[in-house]
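> Fold the following.
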Amino acid sequence: MPDLQIETGGGVINPEDNKWGQDKQKYQEAIGGAAFSFANVAPEKNRAAAPVEEVTSQDKGSVELDDPYSFHQGDRKSRADDPYSFHQGGAADKAANPDFAEKTPDQQYQDILNQAAQKGLPVVVVFGSQSAKDTEKQATQTLKSNMKEGEALYLYVDTDKLDPNSDLGKVARRNAGAGQGLGESGKSDLAFTGIYTVEKKADGSLGLGKSTATFWGGREEISAIMREQMRYAKAATLNLGGETKPDTKPNPQPSDRQEEKNRPLPEPKDKTEPPPPPPPPDKDPSLKPDGTPPDQRNDTDQNKDTDRKEAEERKRKDEEAKEDEAKKLKLKKEREKALQEAGGKNYPIDEYATGWGRFLERNEMEAGPLRDTLDEFGKEMITGEFDGKKLADMMSKIRPSDQTAIADALSRANKELETSGIKLNVELDANKKVSAVELTELAKAGAARVSVRATASGKIESGILSGTSLKELALADASIRLAKKAEPAACP
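Next up, the predicted model:
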């Protein structure tokens with residue numbers, strides 16, 4: 001289980017006790033009132049005194065069945081009006097899927113995953129319990145705005161009610177050390193949230209795939225970090241809702257083919273009209289009778305061609321964008337792993353990026369354009385996603401000042417960075433305007449050192465400096481080397 005005093009980029013996690021305390025009904029009402037697509041918490045009013053085996057198909061909506069998920073079925077009189085029912089659109093959803101309540105829990109769970117796959121949406125799962133701290137804060141406050149955005153399907157899982165051998169149970173028991181789950185027990189005394197892709201398993205059923213980000217507790221900054229991570233999760237998730245090609249038609253059924261076969265051929269309009277004579281052997285059949293070329297195609301045909309080409313171009317660009325997003329996600333995960341291995345901790349890379357800003361604040365660097373520029377430069381160093389134009393624009397907003405003032409602002413930060421063997425530099429031009437910012441390794445005079453430098457002209461330069469000579473080094477390799485050394489300072 002995690003240490004309940006966890007240092008993060010947003011400060012110290014101080015887990016809060018849930019206001020419902022030991023009151024089970026308040027716990028059920030709070031979770032039932034949140035906008036989860038699924039929550040395995042059933043309210044007391046839905047419990048029946050009769051044993052489960054006496055339940056008939058008509059009564060299934062009025063009891064909590066003894067299953068590993070305990071899906072909300074709501075009141076038999078009006079499942080659509082029950083705030084604890086499966087949140088998929090109330091009465092409209094019931095009309096569209098009237099047999100949902102008759103399905104087994106596994107079938108219902110597959111319905112949820114199928115809906116996510118059809119829409120190409122990731123799945124967010126909050127693992128909590130009545131006693132797990134921050135459960136109430138995460139489920140009813142922190143993620144409230146995220147749920148309204150429709151970028152994912154949200155599930156709540158009470159780990160005390162979860163079958164460890166179910167698909168959700170196996171997700172919960174993923175490696176805690178690597179930040180993938182709650183560990184072998186599948187339980188924790190602190191709320192845990194993961195963003196998961198949807199994948200197709202070997203048996204053809206759907207399941208939760210890899211996590212693109214995971215979070216402990218219910219701190220407020222999780223909402224913004226999750227919003228940023230969602231685009232990577234959507235790019236990597238299964239999407240079964242592909243568009244049907246305009247010229248694709250379903251194959252006719254046997255009865256249709258037989259009817260078509262038996263349908264008599266239409267009678268010619270004029271039986272006495274002879275067929276047209278064949279063209280002479282030496283004449284091109286595509287020519288008009290007078291030998292001139294055929295008319296050009298009309299505007300409608302040309303418009304169709306234009307529309308088709310534009311559609312193909314859009315499709316090509318969409319595919320390229322998806323490939324780019326997948327590559328970025330892969331590189332981001334690789335950098336995240338490198339940072340985690342360097343520090344022996346398992347924080348998401350975005351928390352390291354946020355932690356860099358906290359590092360500058362912790363060293364009392366005055367808020368303003370200079371700190372904003374160094375904060376952005378450090379974040380881009382950590383994530384590997386550089387934007388030279390943005391950095392140049394931020395540098396231009398730093399007011400001209402003397403070199404001593406800037407040196408004073410950097411001295412406190414560099415005192416901590418130098419223990420890791422790196423240093424921040426800010427260069428000024430003849431007009432005392434910032435011309436470049438640099439993060440470089442410390443080395444003895446004449447020894448080689450890695451450097452990454454952003455200039456006021458929008459360039460990002462990287463390489464190995466040795467005396468006055470510069471040897472090229474790929475930006476990705478140079479920046480991750482420096483980011484690993486910055487890990488102690490940026491560690492959440």
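> Name every strand pairing with the lengthiest strand in the chain and say which way it goes.
What stands out as the longest strand in the chain, according to DSSP state E, is strand 206-216. Counting by DSSP bridges, the strands paired with strand 206-216 are strand 192-200 (antiparallel).
> Can you mark which positions in the strand it pairs with are buried?
By neighbour count on 16 or more other C-beta atoms under 10 Å, the buried set for strand 192-200 is 192, 193, 194, 195, 196, 197, 198. Quick note: C-beta positions are derived from backbone N, CA and C, even for glycine.
> Now do residue 160: how many residues are near it, please.
If you count neighbours by other C-beta atoms under 10 Å, residue 160 ends up with 13.
> Oops, could you answer that again for residue 369 instead?
Residue 369, neighbours per other C-beta under 10 Å, totals 14.
> Run through the residues that contact it.
Each residue near residue 369 by C-beta atoms under 8 Å, 6 or more residues apart in numbering is listed here: 394, 397, 398, 399.
> Please apply the same query to residue 126.
36, 135, 138, 139, 143, 154, 155, 156, 157, 191, 192, 193.
> Would you list the buried entries among the residues you listed?
Looks like those have 36, 135, 138, 139, 143, 154, 155, 156, 157, 191, 192, 193 buried, using 16+ other C-beta under 10 Å.
> Lowest-confidence one in the residues you listed?
The member of the buried ones among the contacts of residue 126 with the lowest pLDDT is residue 36, and it reads 86.
> longest single helix anywhere in the protein?
Longest helix of the chain, by residue count under DSSP state H: helix 299-343.
> Just the angle for it relative to strand 206-216, thanks.
Counting by axes from the mean of the first three to the mean of the last three C-alpha atoms, to 10 degrees, helix 299-343 points 50 degrees away from the direction of strand 206-216.
> Run the angle between the next helix or strand after helix 299-343 and helix 299-343 for me.
Remark: after helix 299-343, the chain's next helix or strand is helix 349-362, criterion DSSP states H and E. Helix 349-362 runs at 60 degrees relative to helix 299-343, counting by the same axes, to 10 degrees.
> Flag every buried residue along helix 349-362.
In helix 349-362, counting by 16+ other C-beta under 10 Å, buried: 349, 350, 351, 352, 353, 354, 355, 356, 357, 358, 359, 360.
> can you check stretch 334-351 too?
Buried residues in stretch 334-351 (16+ other C-beta under 10 Å): 335-336, 338-340, 342-343, 345-351.
> Do a quick rundown of the helices in the stretch 101-250 of the chain.
Under the criterion DSSP state H, counting those that start in this stretch, the stretch 101-250 of the chain carries helices at the ranges 105-119, 135-137, 144-148, 167-172, 221-236.
> which residues touch the residue found closest to residue 128 once you drop the neighbours it is linked to in the chain?
Nearest non-adjacent residue to residue 128, counting by C-beta to C-beta, 6 or more residues apart in numbering: residue 135, 3.3 Å away. Each residue near residue 135 by C-beta under 8 Å, 6+ apart is listed here: 18, 126, 128, 129, 191, 218.
> The fifth one contacts residue 133, doesn't it?
Yes - between residue 191 and residue 133 there is a contact at 6.9 Å, judged by C-beta atoms under 8 Å.
> Please identify every residue contacting each of these two.
Residues touching both residue 191 and residue 133 (C-beta under 8 Å, 6+ apart): residue 217.
> What's the mean pLDDT across stretch 399-411?
Averaged across stretch 399-411, the pLDDT comes to 76.
> got a pLDDT number for residue 262?
45.
> quick one, domains of the chain?
In terms of domains, the chain is parsed into 6-236, 349-490 (source: automatic domain parsing).
> Please convert those domains to TSV, extending it with distance to residue 308.
Listed next are these as TSV, based on distance: least, C-beta to C-beta, whole Å:
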stretch	distance to residue 308
domain 6-236	24
domain 349-490	36
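> Of all those domains, which one is nearest residue 330?
domain 6-236 (9.0 Å; C-beta to C-beta).
> So, low pLDDT: which residues of the stretch 201-350 of the chain?
242-304 (pLDDT under 70).
> wait, residue 370 sits on residue 407?
No - at 11.6 Å, residue 370 does not count as touching residue 407 under the criterion of C-beta under 8 Å.
> Of those two, give the one with the bigger neighbour count.
residue 370 (24 against 12).
> in the strand or helix carrying the more buried one, what counts as buried?
Assigned by DSSP H and E, residue 370 belongs to helix 369-383. Using 16+ other C-beta under 10 Å as the test for burial, helix 369-383 gives 370-383.
> before we move on, what about stretch 478-490?
Taking 16+ other C-beta under 10 Å as the criterion, stretch 478-490 shows 478, 479, 480, 481, 482, 483, 484, 485, 486, 487, 489, 490 as buried.
> Kindly present these as TSV, with separate columns for pLDDT, secondary structure and distance to residue 305.
Shown next, in TSV, are the buried residues of stretch 478-490 (pLDDT from 0 to 100; DSSP: H, G, I helix; E, B strand; the rest coil; distance: C-beta to C-beta, whole Å):
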residue	pLDDT	secondary structure	distance to residue 305
478	89	helix	49
479	90	helix	46
480	90	helix	48
481	90	helix	52
482	91	helix	52
483	90	helix	50
484	89	helix	54
485	88	helix	57
486	88	helix	55
487	86	helix	56
489	84	helix	59
490	81	helix	54
